[in-house]
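K.L.:
Only the shape, not the letters, is given here:
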């Protein structure tokens, strides 16, 4: 399973590499996501809408 993030921080799960949309960042695990967002500006936009959700 591959996850993608677009320019509006929408995360999508994709089954195969062939279906990955252009202009997205890809990750396969929480570790890869952590590495990916480490270089993003500290806007908080990725996490601000998820606090308290299970």
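P.N.:
Cool, the structure landed. This is a predicted model, so every value here is computed, not measured.
K.L.:
contacts and neighbour counts: CA atoms only from here.
P.N.:
OK.
K.L.:
Grab the longest helix from this structure for me.
P.N.:
Taking DSSP state H as the criterion, the chain has its longest helix at helix 30-37.
K.L.:
How far does that one sit from its chain's centre?
P.N.:
In this view, helix 30-37 has its centroid 8 Å away from the chain centroid, taken as Cα atoms, centre = their mean, to the nearest Å.
K.L.:
Now that helix: buried residues?
P.N.:
residue 33 (16 or more other Cα atoms under 10 Å).
K.L.:
How about stretch 5-13?
P.N.:
Buried residues in stretch 5-13 (16+ other Cα under 10 Å): residue 5.
K.L.:
next one: it to chain centre, how far?
P.N.:
In terms of Cα atoms, centre = their mean, the centre of stretch 5-13 is found 6 Å from the chain centre.
K.L.:
Kindly report the same for stretch 22-35.
P.N.:
That offset, for stretch 22-35, works out to 5 Å (Cα atoms, centre = their mean).
K.L.:
cool, stretch 2-20 as well?
P.N.:
7 Å.
K.L.:
can you check stretch 14-26 too?
P.N.:
Counting by Cα atoms, centre = their mean, stretch 14-26 comes out at 11 Å from the chain centroid.
K.L.:
Between the two ends of that stretch, what distance do you get?
P.N.:
By Cα to Cα, to the nearest Å, the extent of stretch 14-26 from end to end equals 10 Å.
K.L.:
That one - what's its average pLDDT?
P.N.:
Mean per-residue pLDDT for stretch 14-26: 82.
K.L.:
Same check on stretch 35-54?
P.N.:
The average pLDDT within stretch 35-54 is 61.
K.L.:
Do you have the strands of this protein handy? List them.
P.N.:
2-5, 11-14, 25-27 (DSSP state E).
K.L.:
Present those strands as TSV; the columns should include distance to residue 34.
P.N.:
Below are the strands of the chain laid out as TSV (distance: least, Cα to Cα, whole Å):
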stretch	distance to residue 34
strand 2-5	13
strand 11-14	14
strand 25-27	9
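K.L.:
tell me the contacts of residue 2?
P.N.:
The neighbours of residue 2, taking Cα atoms under 8 Å, 6 or more residues apart in numbering as the test, are 13, 14, 15, 16, 17, 26, 27, 28.
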